[in-house]
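Peer 1: Next one to model:
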Amino acid sequence: MLLHIDVQNAQAVRTDGTVINVDEIDLPILHATMLNMPQSRLAFVLGLSEQALSDRIEVLRERLGSDWGALADGRLTMFPGAPPRSGCAWEDRHCAALLQRALQLRQEDEPFLTVADGATFTLGETIELVAKVRARLRQAMLGPGDRIALDAGPRLETYLLTVAALASGVVVVRLGENLGSDTLRGMVRTTPAPVTFTARRSVLEDLLQGTEIIDLPDERGAVGRRPYAVWLDETLEVAEADRRPLQVSPADPALIGFTSGSTDLPKAVMIPHEAVFRQAEATQSLLRFSRDDVFFSATDVTSNTSTFVVFTLPVLSGGRLILPSAAARRSPLAFAQECDAYGATCIMVVPSCLRTLNEMAALSSAPTLTTVRHAISSTAPLDHGNAERFCATYGTRVSDLLGAREIGTLIHADGEQGEVIGHGGGVPVQTMVRLLDDEGAPVARGEVGQIWVHSDVQMTGYVPAMEGDDIRTPGGNLPVGERPIWSTSGDLCRSNEDGRIEVVGRKRDVIKAPDGSIVFPAQVEAVLLDHDAVVEACVFAAADAQGVENVAAAVILRVADDQDSLIRTLQLAVRTRLGPFMTPRVVTVMPDFPRVGRGKPDRIALRRQLECQGT
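Peer 2: So this is what the prediction gives:
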């Protein structure tokens, strides 16, 4: 028999069958022991003194008796999910040595980095390019703990700057390249940096008085008055130290990302080195990429998923990386063509891009994606119909990931059989997951609760700390350090008998129907998306002329000769499967949705638009 950790019910079941109740601090202690995390780091995470932590560990050790050793040795089971493990000592769980790790699996003279429509660099040449950027950062007096901000499009400049910063202990603020001006300016106000690398000087210049702006090429290749190439050529000398990674702590900050802003303004999130490295390590242990894999993403590397596809997975697998052309960053067709041209085997796609790839399959000269073996979808909900269609059309598997910026967790669903996070659910990967009601009590299997997670890939906190946000420990006023012990993304989920976690919606998006019934938009969207004519659907609450909130929906269609008839068909399908209270009172056909960061539909804008129309 094995020691069993029941995370949901906060219990440890010993090998003799004895059940030991634990609490929301004991569970992270068990988790950290499985990972061989130093007590000093765990004390910081829990907001305890090292002596107080030692006392708690001793009590827990006595209660578990001889089964305590099973934690570090991996002789245990965990529900839901699998026990967390790492192949690295804790002090090596950082991203400062990315390219040095690549040398363990790839020779210096082997191709490593290709820029679409541009040059291919060997691993040795890539190391030298990064060393030059590190020397220039050092010359600019930027070192451990300092910030640089940069447009996060997957281009050569971004790649070199990010790897150089990680190796030098400099914190990277990732600015969305395709965001609206107001959102971008809000990011800069929240996280000022002494140097900003951007192709949007005109939007930011008045905010950045007294700081340095370095101009990146825009999509047409044009640059401003302080080009990145000129800035880099001012490097005086590359020292040998610029070729060696700085010794950083896994707890040191690595990246500052932003929430998507799908329900509010984006918030800045601090992500430590250990979180970046461990999320990639856990993904690699799950999906087992090899040195034959070629990674390709055209998505801004503002999301955690894009980050590990572009920066960490190619290194940990020994594979290669393709950086897209400007055309591929804005066009799914050009993206697919470059996948074929460069032999991409693993691609990162947002759901809207995946849907477009499905649509393109009908073209006479459509890209084939024959080399693609794995598609990773994240940043927004993926419906199972499009996942199934993609698998059937291109013969490749789709991994749907829940990896929100706040919680940094990893819940994985394999879409080969149609399972996605919102349909069938996903399996927690090296992450503790609890589903709790509003009072902090665990819900039964099959019931809906708010997801709370603990892992070593969580954020450190908001930048600056945001008041009024739900980052406290559930179930009581337990001490919390700078880093939340248990965090929530605001998603509402349920679990099945196998421990799969299915997202049914976001807490902020829940609609209360006029009869008092609770409506989860994701459930209604899934029914709408089952119709072949629907490309994308978004469900939200909208007030009628009397001020009563009703369920409303907006859809994007493939073809629709008779839209009125199709709308009635869609409403009938929802009524039949989910009941009348979940049926949208209004279904609006749109050519596209207003969107927020990373292409998510803007529910607030849709609601206002519909209410302004008086429907």
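Peer 1: all contacts plus neighbour counts: C-alpha atoms, from now on.
Peer 2: Will do.
Peer 1: Can you show me the strands along the stretch 1-150 of the chain?
Peer 2: Under the criterion DSSP state E, counting those that start in this stretch, the stretch 1-150 of the chain carries strands at the ranges 3-6, 11-13, 19-21, 76-79, 111-115, 120-122, 147-151.
Peer 1: Out of the ones you listed, which is closest to residue 390?
Peer 2: Among the strands of the stretch 1-150 of the chain, the nearest to residue 390 by C-alpha to C-alpha is strand 111-115 (26.3 Å).
Peer 1: Return the list of helices and strands in contact with the closest one.
Peer 2: Judged by 3 or more C-alpha pairs under 8 Å, 6 or more residues apart in numbering; DSSP states H and E, strand 111-115 is in contact with strand 120-122, helix 123-139, strand 320-323.
Peer 1: contact partners of the helix or strand harbouring residue 375?
Peer 2: Following DSSP states H and E, one finds residue 375 within strand 374-377. Strand 374-377 has contacts (C-alpha atoms under 8 Å, 6 or more residues apart in numbering) with 345-351, 396-401.
Peer 1: If we use 6 Å, what do you get?
Peer 2: Strand 374-377 has contacts (C-alpha atoms under 6 Å, 6 or more residues apart in numbering) with 346, 347, 348, 349, 350, 396, 397, 398, 399, 400.
Peer 1: Same check on stretch 244-263?
Peer 2: Counting by C-alpha under 6 Å, 6+ apart, 93-94, 96-97, 167-168, 171-174, 266-274, 302, 405, 596-597, 602 sit against stretch 244-263.
Peer 1: 7 Å - rerun?
Peer 2: Under the criterion C-alpha atoms under 7 Å, 6 or more residues apart in numbering, residues 91, 93-94, 96-97, 166-169, 171-174, 266-274, 302, 405, 596-598, 600, 602 lie in contact with stretch 244-263.
Peer 1: Buried ones among these?
Peer 2: The neighbour-count test (16 or more other C-alpha atoms under 10 Å) marks 93-94, 96-97, 166-169, 171-174, 266-274, 302, 405, 596-598, 600, 602 as buried among those.
Peer 1: wait, what's in contact with residue 431?
Peer 2: Residues near residue 431 by C-alpha under 7 Å, 6+ apart: 84, 409, 410, 453, 454, 455.
Peer 1: Just give the number of residues close to residue 366.
Peer 2: 14 (other C-alpha atoms under 10 Å).
Peer 1: Just the buried positions in the strand holding residue 375, please.
Peer 2: By neighbour count, with 16+ other C-alpha under 10 Å as the criterion, the buried positions of strand 374-377 are 374, 375, 376, 377.
Peer 1: Tell me the predicted confidence for the last one.
Peer 2: The one in question is residue 377. Residue 377 is assigned a predicted lDDT (pLDDT) of 87.
Peer 1: Pairing-wise in the sheet, spell out the partners of it.
Peer 2: When assigned by DSSP bridges, residue 377 has beta-bridge partners residue 349, residue 400.
Peer 1: Tell me how far it lies from residue 63.
Peer 2: Per C-alpha to C-alpha, to the nearest Å, residue 377 is found 42 Å from residue 63.
Peer 1: now the third one
Peer 2: Counting by C-alpha to C-alpha, the separation of residue 376 from residue 63 is 42 Å.
Peer 1: what do you get for the first one?
Peer 2: Distance, residue 374 to residue 63, by C-alpha to C-alpha: 44 Å.
Peer 1: same check, this time on the second one
Peer 2: As defined by C-alpha to C-alpha, residue 375 lies at a distance of 45 Å from residue 63.
Peer 1: picking that back up, now render the contacts of residue 431 as JSON lines, adding pLDDT.
Peer 2: Listed next are the contacts of residue 431 as JSON lines, based on pLDDT from 0 to 100:
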{"residue": "84", "pLDDT": "91"}
{"residue": "409", "pLDDT": "70"}
{"residue": "410", "pLDDT": "79"}
{"residue": "453", "pLDDT": "91"}
{"residue": "454", "pLDDT": "91"}
{"residue": "455", "pLDDT": "90"}
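Peer 1: out of those, which is most surrounded?
Peer 2: Highest count within the contacts of residue 431 by other C-alpha under 10 Å belongs to residue 409, 31 neighbours.
Peer 1: residues in contact with that one?
Peer 2: By C-alpha under 7 Å, 6+ apart, the residues touching residue 409 are 403, 431, 455, 457, 458.
Peer 1: tell me which residues in stretch 135-149 are buried?
Peer 2: Buried positions in stretch 135-149, judged by neighbour count with 16+ other C-alpha under 10 Å: 135, 136, 137, 138, 142, 143, 144, 146, 147, 148, 149.
Peer 1: er, stretch 86-102 actually
Peer 2: 90, 92, 93, 94, 95, 96, 97, 98, 99, 100, 101, 102.
Peer 1: what does stretch 50-59 give?
Peer 2: If you call a residue buried by 16+ other C-alpha under 10 Å, then stretch 50-59 has these buried ones: 50, 53, 57.
Peer 1: Other residues contacting it?
Peer 2: If you take C-alpha under 7 Å, 6+ apart as the criterion, stretch 50-59 is touched by 40, 43.
Peer 1: repeat that with 10 Å
Peer 2: The contact list for stretch 50-59 (C-alpha atoms under 10 Å, 6 or more residues apart in numbering) reads 25-26, 29-30, 33, 39-44, 46-49, 60-61, 63-65.
Peer 1: May I see the buried residues of strand 374-377 organised as CSV, with distance to residue 318 added?
Peer 2: CSV is the format used below for these (distance: C-alpha to C-alpha, whole Å):
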residue, distance to residue 318
374, 16
375, 18
376, 18
377, 22
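Peer 1: Now for those: which two are most distant?
Peer 2: In the buried residues of strand 374-377, two members sit farther apart than any others by C-alpha to C-alpha. They are 374 and 377, at 9.8 Å.
Peer 1: what number of residues lie near residue 346?
Peer 2: Residue 346 has 25 neighbours, counted by other C-alpha under 10 Å.
Peer 1: Show me the shaky parts of the stretch 301-450 of the chain.
Peer 2: Low-confidence segments of the stretch 301-450 of the chain (pLDDT under 70): 403-408, 415-418.
Peer 1: Now do the helices for it: every range, in order, please.
Peer 2: With helices called from DSSP state H, counting those that start in this stretch, the stretch 301-450 of the chain shows them at 304-307, 313-317, 326-330, 332-342, 351-360, 384-394.
Peer 1: could you dump the ones you listed to JSON lines with distance to residue 485 and mean neighbour count?
Peer 2: Shown next, in JSON lines, are the helices of the stretch 301-450 of the chain (distance: least, C-alpha to C-alpha, whole Å; neighbours: other C-alpha atoms under 10 Å):
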{"stretch": "helix 304-307", "distance to residue 485": "20", "mean neighbour count": "24"}
{"stretch": "helix 313-317", "distance to residue 485": "27", "mean neighbour count": "26"}
{"stretch": "helix 326-330", "distance to residue 485": "37", "mean neighbour count": "18"}
{"stretch": "helix 332-342", "distance to residue 485": "39", "mean neighbour count": "19"}
{"stretch": "helix 351-360", "distance to residue 485": "31", "mean neighbour count": "20"}
{"stretch": "helix 384-394", "distance to residue 485": "32", "mean neighbour count": "21"}
